[in-house]
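Colleague: A structural model of the following input is requested.
(one chain, ligands or ions: 1)
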Amino acid sequence: MIPRMELYIDTANIDEIREAAALGVLDGVTTNPTLIAREGVAFHERMAEICDIVAGPVSAEVVALDHDGMIAEADELLKIANNIVIKLPCTFDGVKACKTLSDRGVRVNMTLCFQPLQALMVAKAGAFLVSPFIGRIDDIGGDGMDLIQQIRTIYDNYGFETKVLAASIRHPLHLVQCALVGADVVTVPMKVIKQQMSHPLTDKGLEGFLADWNARKE
Ligand code: E4P
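Modeller: Residues are numbered from 1 along each chain as shown. Sure thing, here's the model as predicted:
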């Protein structure tokens with residue numbers, strides 16, 4: 001299969017998900033507790049609504065911090081739809097729960113990844129996705145893209161199949177850099193999805209074409 005960069009939307013807002021899905025190039029959705037809380041809706045009901053719209057992977061995050069609590073929450077979330085991906089934190093218990101679920105064939109997205117060894121451990125535990133947070137590293141004066149590059153190299157060195165999902169994307173330049181470095185998936189807020197197809201020279205060019213078209217003599 002030819003490798004391709006998958007595009008997810010990072011939101012729990014139904015209107016945004018519908019609008020992005022209508023583009024025809026949306027591959028999945030990521031949510032987190034903050035995004036769900038922002039919507040002021042019931043968690044499981046909203047996840048079901050999202051899974052009705054998007055057939056690809058839809059990440060739903062647990063809030064338990066311990067292994068058994070994470071598994072119990074995951075089991076409830078998995079009843080919602082068969083495209084639910086369980087999102088767990090990159091912690092000691094998170095890795096353990098990732099291994100438990102991955103061994104059962106459940107797809108897991110390991111979130112809040114801020115250093116390459118977290119990514120190495122979750123790949124060993126069979127994670128389907130790892131989510132390095134680029135923007136939050138940039139926010140504190142680091143370089144989030146270095147982390148994506150390091151994880152890409154480590155996964156390629158050992159042939160890990162865990163997909164690198166670049167998260168916490170703030171602007172189109174992050175997307176360009178992700179594509180150059182070889183992130184497997186990017187999860188993008190609606191504002192940045194729209195910015196991807198925007199350029200003042202495109203607008204100016206269209207304006208000129210239309211003005212010339214309308215002034216033509218036949
Ligand atoms: C990813 O799955 C997260 O939901 C998200 O990208 C976090 O981004 P933020 O740093 O903008 O909150």
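Colleague: Quick one: end-to-end distance for stretch 28-36.
Modeller: 16 Å (CA to CA, to the nearest Å).
Colleague: Any part of that stretch near the ligand?
Modeller: Yes - counting by CB under 6 Å from any ligand atom, contacts between stretch 28-36 and the ligand involve 30, 32. For glycine as for every other residue, the C-beta is placed from the backbone atoms N, C-alpha and C.
Colleague: quick one: buried residues of that stretch?
Modeller: Going by neighbour count (16 or more other CB atoms under 10 Å), the buried part of stretch 28-36 is 28-32, 35-36.
Colleague: List the residues that contact the closest residue in space to residue 133 that isn't next to it in sequence.
Modeller: With CB to CB, 6 or more residues apart in numbering as the criterion, residue 133 has its nearest non-adjacent residue at 3.7 Å, and that residue is residue 168. Under the criterion of CB atoms under 8 Å, 6 or more residues apart in numbering, the neighbours of residue 168 are 133-137, 144.
Colleague: And for residue 84?
Modeller: 47, 51, 58-60, 77-78.
Colleague: how about these in a markdown table, adding secondary structure and neighbour count?
Modeller: Formatted as a markdown table, those follow (DSSP: H, G, I helix; E, B strand; the rest coil; neighbours: other CB atoms under 10 Å):
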| residue | secondary structure | neighbour count |
| --- | --- | --- |
| 47 | helix | 22 |
| 51 | helix | 19 |
| 58 | strand | 26 |
| 59 | strand | 30 |
| 60 | strand | 29 |
| 77 | helix | 21 |
| 78 | helix | 17 |
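Colleague: Pick out the most distant pair among the residues you listed.
Modeller: Between all members of the contacts of residue 84, the longest pairwise span (CB to CB) is found for 59 and 78 and amounts to 12.4 Å.
Colleague: Are there residues contacting both of those two? Which ones?
Modeller: Jointly contacting residue 59 and residue 78 under the rule CB under 8 Å, 6+ apart are 84, 86.
Colleague: related to what we said a few turns ago, give me phi/psi at the residue nearest to residue 133?
Modeller: phi 60, psi 50 (degrees, to the nearest 10).
Colleague: What pLDDT is listed against it?
Modeller: The confidence metric pLDDT takes the value 98 at residue 168.
Colleague: Please apply the same query to the one 10 residues further on.
Modeller: In this prediction, residue 178 carries a pLDDT score of 97.
Colleague: ditto for residue 2
Modeller: Per-residue confidence (pLDDT) for residue 2: 63.
Colleague: can you check the one 10 residues further on too?
Modeller: We have a pLDDT of 98 for residue 12.
Colleague: So is the helix or strand harbouring residue 7 next to the ligand?
Modeller: In this structure, residue 7 sits in strand 6-10 according to DSSP states H and E. Yes - judged by CB under 6 Å from any ligand atom, strand 6-10 and the ligand are in contact via residue 10.
Colleague: Is the helix or strand that that strand is followed by in proximity to the ligand?
Modeller: The helix or strand immediately downstream of strand 6-10 is helix 14-22, counting by DSSP H and E. No - with CB under 6 Å from any ligand atom as the measure, helix 14-22 is seen stopping short of the ligand, the closest distance being 13.3 Å.
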